[in-house]
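Peer 1: dropping the sequence and predicted coords here.
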Amino acid sequence: MAMLRTTNLTRRYGARLGVDRVNLAVDAGEVFGFLGPNGAGKTTTIRLLMGFLRPHAGQAEIGGLDCWRHSARLKRDVGYLPGDLRLYPWLTLTTATSIVSQTRGMNISARASELAERFELEPTLPVRKMSRGTRQKLGLVLAMAHRPRLLILDEPTSGLDPLMQSRLADLVREAAAAGAAVFFSSHTLSEVESLCDRVAIVRRGKVIVDESLDALRHRAPRVVELQYGDEHAASAAVLPDFLQVVERRGAVCRCELEGTTPPLVTWAYQQPLVDIRIGRPDLESVFHRLYHVGEEGT
Ligand SMILES: Nc1ncnc2c1ncn2[C@@H]1O[C@H](COP(=O)(O)OP(=O)(O)OP(=O)(O)O)[C@@H](O)[C@H]1O
């Protein structure tokens, strides 16, 4: 059974659409990336999962329980980092740990100290003296210290420097390896690419892709650079159907390869080429196209 599931989840804001018939499922042990441009519906989905908003249609469930009706009970099993983290100015890690231990009815101090050490977070520094990144670290410690079965993280790396982003990535991987489901939203393709098993892309409230990273990589085009002896040879070159020209500059022709490399190698062998470069699958261009699909009549 999926740890998290949404079925035709729909929420409007007056005449404005927040999310529209969103279907998602995340299993235990899975790291799931939720990507989308600004205003796409990521935070709305997360707020519906957390039971802060009531769906207008459809349903969200965590561990088989309805997120709206059982929101209080579900918070026990969920670790949540909001996108707009707000913390009292006087709060320190130590005071927060004791408050959370009391409200959750479990002592989280040992795990909180361990996490704080990983994030190099000072236990007695108050929020008012923290930088934005440091506040984010405190939010992450509080989201993770009770070892939740499901982690819901809304843009968790915002404000973190690259070293701390990689510490967070390690912690996310460890949580998933221990059986937790991880759902996180992001604008950043690179972190999703390095961390997630699967990714969904939401755009204008609708999920337009929900695929494993391996499957997406498989359909990502490779950029091929063909270098001819001179500009004349490059402009006169007749290319096969599986190469789509992106740019011709001087003696170099940049193309995108559709399909696999063997036909390219066979073709290139018979061409008057000086050099050929075959790039890695370009996931970025797949995301770029998916983000902008439907715009300008595409
Ligand atoms: N409280 C609200 N009142 C009215 N409209 C809202 C409200 N919250 C969100 N929306 C609208 O719902 C849509 C989805 O917004 P949402 O905040 O879920 O997007 P997002 O993907 O999280 O964006 P971002 O990446 O900018 O945080 C947007 O069109 C937004 O303007």
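Peer 2: It's in.
Peer 1: wait, isn't Leu125 in contact with Thr94?
Peer 2: No. At 9.6 Å, Leu125 does not count as touching Thr94 under the criterion of C-beta atoms under 8 Å. Every residue, glycine included, has its C-beta placed from N, CA and C.
Peer 1: how about the strands in the stretch 101-250 of the chain?
Peer 2: Taking DSSP state E, counting those that start in this stretch as the criterion, the stretch 101-250 of the chain carries its strands at 150-154, 181-186, 198-203, 206-212, 222-228, 243-249.
Peer 1: and of the ones you listed, who's closest to Gln271?
Peer 2: strand 222-228 (7.5 Å; C-beta to C-beta).
Peer 1: chain center to that closest one, what's the gap?
Peer 2: 31 Å (C-alpha atoms, centre = their mean, to the nearest Å).
Peer 1: which ones are touching Ala220?
Peer 2: Neighbour list for Ala220: Pro281, Asp282, Leu283, Ser285, Val286 [criterion: C-beta atoms under 8 Å, 6 or more residues apart in numbering].
Peer 1: who's the first one bridged to?
Peer 2: Going back to what we said before, that points to Pro281. Note on Pro281: beta-bridge partners by DSSP bridges are Arg222.
Peer 1: burial count for it?
Peer 2: 16 (other C-beta atoms under 10 Å).
Peer 1: any chance of a markdown table for the strands of the stretch 101-250 of the chain, columns distance to the ligand and mean neighbour count?
Peer 2: Listed next are those as a markdown table, based on distance: least, C-beta to the nearest ligand atom, whole Å; neighbours: other C-beta atoms under 10 Å:
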| stretch | distance to the ligand | mean neighbour count |
| --- | --- | --- |
| strand 150-154 | 8 | 23 |
| strand 181-186 | 7 | 25 |
| strand 198-203 | 7 | 22 |
| strand 206-212 | 11 | 16 |
| strand 222-228 | 28 | 19 |
| strand 243-249 | 29 | 14 |
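Peer 1: in a markdown table: those strands, plus mean pLDDT.
Peer 2: Shown next, in a markdown table, are the strands of the stretch 101-250 of the chain (pLDDT from 0 to 100):
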| stretch | mean pLDDT |
| --- | --- |
| strand 150-154 | 95 |
| strand 181-186 | 93 |
| strand 198-203 | 92 |
| strand 206-212 | 92 |
| strand 222-228 | 93 |
| strand 243-249 | 90 |
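Peer 1: any weak-confidence spans in the stretch 1-150 of the chain?
Peer 2: Counting by pLDDT under 70, the stretch 1-150 of the chain contains no low-confidence segment.
Peer 1: what does it have sitting close to the ligand?
Peer 2: Within the stretch 1-150 of the chain, the positions adjacent to the ligand are Tyr13, Arg16, Gly18, Gly36, Asn38, Gly39, Ala40, Gly41, Lys42, Thr43, Thr44, Gly83 by C-beta under 6 Å from any ligand atom.
Peer 1: apply 8 Å and report the result again.
Peer 2: 13-14, 16-19, 36-47, 83 (C-beta under 8 Å from any ligand atom).
Peer 1: gap between the most centrally placed residue in the chain and Arg219?
Peer 2: Among the residues of the chain, the one closest to the centroid is Gly33, at 3.3 Å (C-alpha atoms, centre = their mean). Separation of Gly33 from Arg219 (C-beta to C-beta, to the nearest Å): 17 Å.
Peer 1: equivalent analysis for Ala181, please.
Peer 2: According to C-beta to C-beta, Ala181 and Arg219 sit 26 Å apart.
Peer 1: does the residue nearest to the centre of the chain have beta-bridge partners, and which?
Peer 2: Beta-bridge pairing for Gly33 (DSSP bridges): Phe184, Val199.
Peer 1: contact partners for it?
Peer 2: Phe184, Ser185, Ser186, Glu191, Val192, Leu195, Cys196, Arg198, Val199, Ala200.
Peer 1: ditto for Pro281
Peer 2: Pro281 makes contact with Arg217, His218, Ala220, Pro221, Arg222 under the criterion C-beta under 8 Å, 6+ apart.
Peer 1: so how far is stretch 218-232 off the chain centroid?
Peer 2: The answer for stretch 218-232 is 30 Å, by C-alpha atoms, centre = their mean.
Peer 1: revised request: answer the last question for stretch 179-188.
Peer 2: Offset of stretch 179-188 from its chain centre (C-alpha atoms, centre = their mean): 6 Å.
Peer 1: stretch 50-58 now?
Peer 2: 22 Å.
Peer 1: next one: stretch 139-153
Peer 2: Relative to its parent chain, stretch 139-153 has a centroid offset of 17 Å by C-alpha atoms, centre = their mean.
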